[in-house]
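Enquirer: Fold the following for me, if possible:
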Amino acid sequence: MSMAMLLRCMKVEDVTVHGFKSSFWDWAGEETSFSREIVEAALAHVIGDKAEQAYRRGMRLKRTP
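Expert: From the prediction side, this is the model:
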């Protein structure tokens, strides 16, 4: 909804956000090395069931080799 609201605030009427998730997934998969979990988090999606969510407390962005 935030992208749709941004377009509305910018008074852009001939553009929609339909397909953004697919485009973002394509870009992330082809141009970055981020994991599925990071990509899902960037899209503000909930990952896993309630038990998994309860144990996911860290930021999970910084990885050490």
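
Enquirer: can we go C-alpha only for contacts and neighbour counts from here?
Expert: OK.

Enquirer: Show me what counts as buried in stretch 6-13.
Expert: Leu7 (16 or more other Cα atoms under 10 Å).

Enquirer: Show me the contact partners of that stretch.
Expert: Contacts with stretch 6-13, where a contact means Cα atoms under 8 Å, 6 or more residues apart in numbering, come from 15-16.

Enquirer: For that stretch, give the distance from the opening residue to the closing one.
Expert: 11 Å (Cα to Cα, to the nearest Å).

Enquirer: what's the answer for stretch 15-22, then?
Expert: Termini of stretch 15-22 sit 16 Å apart (Cα to Cα).

Enquirer: what about Lys11, which helix or strand?
Expert: Under the criterion DSSP states H and E, no helix or strand holds Lys11.

Enquirer: could you pull out the helices for the chain?
Expert: Assigned by DSSP state H, the helices in the chain fall at 2-9, 20-31, 36-42, 50-55.

Enquirer: Out of the ones you listed, which one sits most buried?
Expert: Ranked by mean neighbour count, those are led by helix 36-42 with a mean of 14 (mean count of other Cα atoms under 10 Å).

Enquirer: average pLDDT across that one?
Expert: For helix 36-42, the mean per-residue pLDDT is 82.

Enquirer: oh, and call the first residue 3 from now on, that's how I've got it
Expert: Sure, I'll start numbering at 3, so the last one becomes helix 38-44.

Enquirer: low-confidence ranges in the chain?
Expert: 47-50, 55, 58-67 (pLDDT under 70).

Enquirer: Would you mind measuring from the spatially most central residue of it to Phe22?
Expert: For the chain, Leu45 is the residue whose C-alpha lies nearest the centre (Cα atoms, centre = their mean; 1.6 Å). To Phe22, Leu45 is 10 Å away according to Cα to Cα.

Enquirer: which non-adjacent residue is nearest the residue nearest to the centre of the chain?
Expert: Lys23 (7.4 Å; Cα to Cα, 6 or more residues apart in numbering).

Enquirer: That neighbour is in contact with Glu42, isn't it?
Expert: No. Between Lys23 and Glu42 no contact is recorded; they are 9.6 Å apart, counting by Cα atoms under 8 Å.
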